[in-house]
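Novice: no sequence on this one, just coordinates:
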């Protein structure tokens, strides 16, 4: 990564620079770039050593990364994240401390203790989703869902539950939708039937399913609109998406939570229901068992 004589002066400019250089970065720098873009709030409030430990990279590499972008050190780069946080998510630092205190004092290792740990972390993830999401993004996504002739859905591995939920709710709303199911090896062939007046909703998290990434790129090349839910603005889905929801995944000791992506999927379908039913006060998703 070449030196930058004039470093970015605000967070948005920094992220654009990282995006433009990401493909040419070393693997170590790409790891840092992913962490910075996925966890901007954490970067703002934690020490460089704590950030490095979470990222799995030595702290000195963060300093060199910042210098390669034109800063004298990591602290100057971190200042941009702190300025963003002070306006985008006031009170986040206090919430982080409360969460760490909550988890740090946990002594209950029972089955209920595991449940409590998961709930506390998921609450933090949902609060982060609410703080980071742009209202304009939700409006644009609802526009795409409403005007699409057919909504195609793709998500594999850990992303599969999200598209399964979308298929159910969209079907119950009367929207035509097709799940690009990998079983039988036909997902790629089915994707070739998607037309420009349709919509592809793609969900993929690191490590991104190869077939999902390939289908997104092929569909985008035919100028089909794409709504993507992923975990970073550096996700391979990002460059093809007309609307991208970057929902960072928070690691657990054994798994990663889908609480925030599932909540986002529900929010999108509720927003669509409000439009289709012309009822912003009480939109509802019909159920199979409803009379």
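Specialist: All right, it came through fine. Values in this document were obtained by computation on a predicted structure and should not be read as measured data.

Novice: the helix or strand harbouring residue 117 - contacts with which helices or strands?
Specialist: Per DSSP states H and E, residue 117 falls inside helix 111-132. Using 3 or more Cβ pairs under 8 Å, 6 or more residues apart in numbering; DSSP states H and E, the elements in contact with helix 111-132 are helix 40-45, helix 92-104, helix 259-276. For every residue, glycine as well, the C-beta is placed using N, CA and C.

Novice: 7 Å - rerun?
Specialist: helix 92-104, helix 259-276 (3 or more Cβ pairs under 7 Å, 6 or more residues apart in numbering; DSSP states H and E).

Novice: which of those has the lowest mean pLDDT?
Specialist: Among the helices and strands packed on helix 111-132, helix 92-104 carries the lowest mean pLDDT, at a mean of 55.

Novice: hmm, back to that, what average pLDDT does the helix holding residue 117 get?
Specialist: Mean predicted confidence for helix 111-132 is 83.

Novice: I figured residue 149 hits residue 194, correct?
Specialist: No. The pair residue 149 / residue 194 is not scored as a contact, 10.0 Å apart, by Cβ atoms under 7 Å.

Novice: buried sites along the helix or strand following the helix holding residue 117?
Specialist: Downstream of helix 111-132, the first helix or strand assigned by DSSP H and E is helix 135-147. Applying a neighbour-count criterion of 16 or more other Cβ atoms under 10 Å, the buried positions in helix 135-147 are 138, 141, 142, 143, 144, 145.

Novice: any residues touching helix 135-147, and which ones?
Specialist: Here helix 135-147 makes contact (Cβ atoms under 7 Å, 6 or more residues apart in numbering) with 151, 199, 225, 227, 242, 243, 245, 267, 268, 271, 272, 275.

Novice: now the angle from that helix to helix 259-276?
Specialist: 60 degrees (axes from the mean of the first three to the mean of the last three Cα atoms, to 10 degrees).

Novice: any idea of the mean pLDDT for helix 135-147?
Specialist: Mean predicted confidence for helix 135-147 is 97.

Novice: immediately after it, which helix or strand?
Specialist: Counting by DSSP H and E, what follows helix 135-147 is strand 151-155.

Novice: now do the strands in the stretch 151-291 of the chain.
Specialist: Taking DSSP state E, counting those that start in this stretch as the test, the strands found in the stretch 151-291 of the chain are 151-155, 177-179, 199-203, 226-230, 243-246.

Novice: compare those strands and give me the one nearest residue 82.
Specialist: strand 243-246 (19.8 Å; Cβ to Cβ).

Novice: what pairs with the closest one, parallel or antiparallel?
Specialist: strand 226-230 (parallel) (DSSP bridges).

Novice: compare the contacts of helix 135-147 and tell me which is most surrounded.
Specialist: Neighbour counts for those peak at residue 199, which has 27 neighbours (criterion: other Cβ atoms under 10 Å).

Novice: bridging residues for that one?
Specialist: Residue 199 has the following beta-bridge partners by DSSP bridges: residue 151.

Novice: that one touches residue 225, doesn't it?
Specialist: Yes. Counting by Cβ under 7 Å, residue 199 touches residue 225, with 5.4 Å between them.

Novice: still on that earlier bit, any idea of the angle the helix holding residue 117 forms with helix 259-276?
Specialist: 50 degrees.

Novice: good, wrapping up.
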